[in-house]
Structure formats: C-alpha cells, structure tokens
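Asks: here is a sequence with its predicted model. Questions after.
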Number of protein chains: 2
Amino acid sequence: MTEDRHATKERLLDAAERLFAEKSFDEVSIRELAQAADANLAAVNYHFQGKENLFSEVVRRRFLVQRDRSLAALTKAVDAGGERPALDTIIRAIVDSYLQGALATQEGARVMALIAREMHASGPSRHVSAFGEMIAPVFAAFSAAMLRARPNLSVDQANWLIASVVGQVHHFIMRRFKYEGLPAGDPVRAFMAHAFPVLGEPVDVYIARATDHITRFSTAAIDAMYPEVTP
Amino acid sequence: MTEDRHATKERLLDAAERLFAEKSFDEVSIRELAQAADANLAAVNYHFQGKENLFSEVVRRRFLVQRDRSLAALTKAVDAGGERPALDTIIRAIVDSYLQGALATQEGARVMALIAREMHASGPSRHVSAFGEMIAPVFAAFSAAMLRARPNLSVDQANWLIASVVGQVHHFIMRRFKYEGLPAGDPVRAFMAHAFPVLGEPVDVYIARATDHITRFSTAAIDAMYPEVTP
DNA sequence: CAAGGACTCAAACATATGTTTTAATTATGC
DNA sequence: GCATAATTAAAACATATGTTTGAGTCCTTG
C-alpha cells in the first residue's frame, strides 16, 4: 500500500537527516546511507535522483518548521502586546524560539548543526533557496516587531540591533553544540565547563539562562542607546 | 641552497592556505593542491606525510598570528588605561583586532573562513589543539581585562558578557563573508545589501562601523546591567 | 670530483565513491 | 487474475582520491 510504497523513501530521509547532521556532506556515502536506512544502494538515486537532491530535501523539511515556529512566536508576542508591545517580550520570543528549536529536541539539534555547518560552507551552498526562504521572512518579521515596540528607531538602526541579537543567539547555540560534541575527558571541554559552568547544566536550564541573558543584555543595550520616548 | 630547498614546501603551504579557504578539506584534492603549488603530486606526502598534516600546519601557522595580535591589542588597551582602564577601550580593542584579522587582509580572511568552517565541523576536529591554544589565552586575557575595567563584576558575570561580545563579532564577520561569497546578481545578496547597506561599503568602512556598533551596544548593555560604582 | 643524501618526478596501487544498468520482485488497476 | 507500472536488488561502471614506489636529478659536502 501507499504506506509501504513511501516507506523506504521516508526511511532514507530520516537516515540522511541523522547522518548529515553527524558528518559533512562529503563524509556521508550513499552506501552508508542506504545501509542505515535498510535500503538498497540504488534506492537513493531512484527516489531522489542523486545525493544532492536528498540533502536538499532533508534541509528543507526541517527548515520550514523552524521558520514557522519563530514566526508564530513572534506574532504571538506582538499581538499580546497590543498597540505597543514590550521590547523584551519580542526579543525573548525570537531568542527562545531559536534556542528551543536548535537545542531542545534531538531532531532540531541535528538539523541546526547541519545548517550551521552548511551556512559556513563554500561557494553557492547546496540550498541557497532555503536561505532566502527562511532567513528573509523571519528577519522581516523581527524587524517589523522591533519597530512596533520602538517607533523611534529607524529601519537601519533596528537592523543593526537585530544583528547583535542574532549574533548572540547563534553563538550560544554553537557554544552548546561544541561543548556537547567534545568527548567527556577532553581538556577543551573541561576548560569550557570551567569558564562557563552553565554548559554542564541540563539543556532546558541552559536554554532558560541563555535566553534570559541575551534578552536582558540586548534590551539593556537598546534602552540605553535609544531611550524610549515616554508619551 | 636552503631557500630553494624549502621552496616547494612553502609553495605547498601557500597554495593549501588558499585552497582550503575556498573549499572544504575533502573538496581539495592533493593533485589539485600540487598543481596549484607547481609541485609534484608526491610532494605533499613527502613534505607533510599526508594531507591532514598539511592542513594542520596551514591552520596553525595563521592561528597563532591572530592570537598574538589580539593579545597585543588587549594588553595595549589595558596598559594605556592605568589602574582602571575604560570598558569601551577594552571591548573596542578585542573587537577591532578580530574584525581586522578576519576581514582586512586577504590572507587573514582566508584562514578565518577556514577556521570558522572547521569550527562547526563534525567530531573532534582536525586541530583541536589549536582551539585550546588560541581560544583559551585570548578568552582569559579578555576576561581579566574586563574585570580590571569593572571590578564590581563577578568572574561568571564577566564571562556571560564576553560571550555576548564574541557572538556579535563572529556574526559580523560571517555576515560579511557570506555576503562577499555570493555572486553579484544573487537575490540573497541583494536582500542582504538592502537590509544592511553597509555590506556594500568597502571593507575598512564595514570594519569601522561594525566595531563601533558592537562596542557601543555592548558597553551600553554592561553599563545598564551593572552600573559602575563611582568612587 | 665523487659519494651521499635531499628532493623531484612519473607511474602504479589500492580503494572508495556516485551513478547506471539490467533483471527480479512487488504492488496496482482493469 | 493478469498486464502494467512501481519498486527493489545485485552487479557493473567509471572515475577520483590518498598514498606508495622506485628511478632519476640536483645539490651539498668531504
């Protein structure tokens, strides 16, 4: 039946998601992939017409989930704030949705690691489309929300501020990834845990603390740089 | 003479630096490398006993340069400040040294791109040593300097703040890399330039503006979060 | 100048990879 | 229930890769 028909295709996608998160594109072989999915070697090319297509579909599948989650969180925060939403609510919404999406669940973590890696990859990456499809809308929504919260900002100013927020988010995500990727006895891991004890905490604690810090840090900066005009 | 003797070895290192910055480790073949260096195929294995060793040496060579530059800038900033150096001077020193090292010169940009890519790579990267050798000292110096400028901060607080600064630095570096890596007509590039016009400016303008923004943003945040106790 | 070592070179090796092919098998629709 | 299409399977293909080999060349050195 239909279920069985698409079974191997789905299994391939799942296996690919896992493997591509662990290793880079080139480090994953089609044979390895087929074996992990309990499928035949030729199945990859039959269902996806090549390795690159499979990769693209893997990325795309989760990419849009994260995008929609961030947009929903942002919309909710803006709507809850009425005419003039609170700045820290907006920032917290976007920061939390990213940290949750990237760190909370294993699937999210896998794909985020993958995306982060490919983001820094060479040339015109294998999924440029995803970039525009995800980054642009979220960025636009974030920018608009921030301008709602702080009408005294110019678009340009808001975008600079957003860059600072996003930079912190990425950094706190990567920091956790790097830490968890290191083997238990690794000296670098020990150093990181020493300088940054929260890395040793459970992931939900880490997310909460990081979200809190980024939100407070960024809100404080914005308030100080561009004082709110009180009506 | 000695010069000619090591000539091909040096040529290999130079070519490797360039190629490894453009493509990933796996995407660069030894044959390609040898040809770019005008050397024989076997030269790589003769001089470096394998591809991985060559890669490690490439990274190491520039890694320490950047480390020393950052440490020097930091030391200079601290020393110039006497008993109680100014916070924004410290932050500006570290931010500027990284942006300069990563964006100003072509060689620096190459290796920084390479490092950024490998940083997000899988497993126990090919140069874990470099991580501890570079990150740890700079981090420690930055932390110490910040505590000199703001004695009312705890070590833990300082480290959280540093994470926010470093996250912004990385992000502004990667943003420029990504932008410059895209072909002229690319829609993503157009979008980035539209939302962030400074990306179209010459690199030294970009560096100056970004340094300024990160410094002001971070200083404002820190001052607001932990008001300075005036003696 | 002759011997020895450092270096270069072309060729060969061994293997891992993505893809294609061709036949067998399984499900679908009339 | 059978013909047809969809899917799976095993093997072959073509090629690109890192590495090794062994002969040749150049330079240093005694």
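Replies: In hand now; what should we look at?
Asks: tell me the secondary structure at A:Leu41.
Replies: When classified by DSSP: H, G, I helix; E, B strand; the rest coil, A:Leu41 comes out as coil.
Asks: you'd agree it is up against A:Ile30?
Replies: Yes - using CB atoms under 8 Å, A:Leu41 is in contact with A:Ile30, at 6.5 Å. Bear in mind the C-beta positions are built from the backbone N, C-alpha and C, glycine included.
Asks: so these two - more neighbours on which side?
Replies: Between A:Leu41 and A:Ile30, counting by other CB atoms under 10 Å in any protein chain shown, A:Ile30 is the more crowded of the two (17 against 13).
Asks: ok, that one - contacts?
Replies: A:Leu41, A:Val44, A:Asn45, A:Lys51 (CB atoms under 8 Å, 6 or more residues apart in numbering or on different chains).
Asks: which ones among those are found in helices?
Replies: A:Val44, A:Asn45, A:Lys51 (DSSP state H).
Asks: contacts with DNA strand C among these, please.
Replies: Among those, the ones lying close to DNA strand C by the criterion of CB under 7 Å from any atom of the strand are A:Val44, A:Asn45, A:Lys51.
Asks: burial of the second one, as a residue count?
Replies: To tie it back to what came earlier, the one meant is A:Asn45. By other CB under 10 Å, neighbour count at A:Asn45 equals 14.
Asks: chain center to stretch A:218-231, what's the gap?
Replies: 27 Å (CA atoms, centre = their mean, to the nearest Å).
Asks: who touches it?
Replies: Outside of stretch A:218-231, the residues within contact range by CB under 8 Å, 6+ apart are A:87-88, A:91, A:150, A:152-153, A:157, A:161, A:164-165, A:168, B:216-218, B:220-221, B:223-225.
Asks: what separates the nearest residue to A:Leu182 once chain neighbours are set aside from DNA strand C, distance-wise?
Replies: Leaving out its chain neighbours, the residue that sits closest to A:Leu182 by CB to CB, 6 or more residues apart in numbering or on different chains is A:Arg189, at 3.9 Å. Distance, A:Arg189 to DNA strand C, using CB to the nearest atom of the strand, to the nearest Å: 28 Å.
Asks: what's the pLDDT at A:Arg189?
Replies: According to the prediction, A:Arg189 has pLDDT 89.
Asks: and it, how many neighbours?
Replies: 19.
Asks: tell me which residues touch it, please.
Replies: A:Tyr179, A:Leu182, A:Pro183.
Asks: 10 Å instead, please
Replies: A:Lys178, A:Tyr179, A:Glu180, A:Gly181, A:Leu182, A:Pro183, A:Leu199, A:Gly200, B:Val128 (CB atoms under 10 Å, 6 or more residues apart in numbering or on different chains).
Asks: then A:Gln35?
Replies: A:Gln35 touches A:Ala15, A:Ser29, A:Leu41, counting by CB under 10 Å, 6+ apart.
Asks: A:Ala184 contacts A:Ala190, doesn't it?
Replies: Yes - counting by CB atoms under 10 Å, A:Ala184 does reach A:Ala190; the two are 9.4 Å apart.
Asks: tell me where chain A has helices.
Replies: A:2-5, A:7-22, A:30-36, A:43-48, A:51-80, A:87-99, A:106-119, A:128-149, A:155-181, A:187-195, A:203-225.
Asks: now render those helices as JSON lines, adding distance to B:Met134.
Replies: Below are the helices of chain A laid out as JSON lines (distance: least, CB to CB, whole Å):
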{"stretch": "helix A:2-5", "distance to B:Met134": "52"}
{"stretch": "helix A:7-22", "distance to B:Met134": "26"}
{"stretch": "helix A:30-36", "distance to B:Met134": "33"}
{"stretch": "helix A:43-48", "distance to B:Met134": "40"}
{"stretch": "helix A:51-80", "distance to B:Met134": "31"}
{"stretch": "helix A:87-99", "distance to B:Met134": "27"}
{"stretch": "helix A:106-119", "distance to B:Met134": "20"}
{"stretch": "helix A:128-149", "distance to B:Met134": "29"}
{"stretch": "helix A:155-181", "distance to B:Met134": "14"}
{"stretch": "helix A:187-195", "distance to B:Met134": "11"}
{"stretch": "helix A:203-225", "distance to B:Met134": "24"}
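Asks: so which of those helices is the most surrounded?
Replies: Stretch with highest mean neighbour count among the helices of chain A: helix A:87-99 (a mean of 23; mean count of other CB atoms under 10 Å in any protein chain shown).
Asks: which helices and strands does that one pack with?
Replies: Applying 3 or more CB pairs under 10 Å, 6 or more residues apart in numbering or on different chains; DSSP states H and E, one finds that helix A:87-99 makes contact with helix A:51-80, helix A:106-119, helix A:128-149, helix A:155-181, helix A:203-225.
Asks: render the CA-only coordinates of stretch A:99-113 in PDB, please.
Replies: Below are the C-alpha coordinates for stretch A:99-113, written out as PDB (Å, rounded to 0.1, in the frame of the first residue of the first chain):
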ATOM      1  CA  LEU A  99      17.200  28.200  21.200                       C
ATOM      2  CA  GLN A 100      14.300  25.800  21.700                       C
ATOM      3  CA  GLY A 101      14.400  24.800  18.100                       C
ATOM      4  CA  ALA A 102      18.100  24.300  18.000                       C
ATOM      5  CA  LEU A 103      18.800  22.700  21.300                       C
ATOM      6  CA  ALA A 104      15.600  21.300  22.900                       C
ATOM      7  CA  THR A 105      14.800  18.400  20.700                       C
ATOM      8  CA  GLN A 106      17.300  16.000  19.200                       C
ATOM      9  CA  GLU A 107      15.800  16.400  15.700                       C
ATOM     10  CA  GLY A 108      16.000  20.100  15.900                       C
ATOM     11  CA  ALA A 109      19.600  19.900  17.100                       C
ATOM     12  CA  ARG A 110      20.600  17.600  14.300                       C
ATOM     13  CA  VAL A 111      19.300  19.900  11.600                       C
ATOM     14  CA  MET A 112      20.500  23.100  13.200                       C
ATOM     15  CA  ALA A 113      24.000  21.600  13.400                       C
END
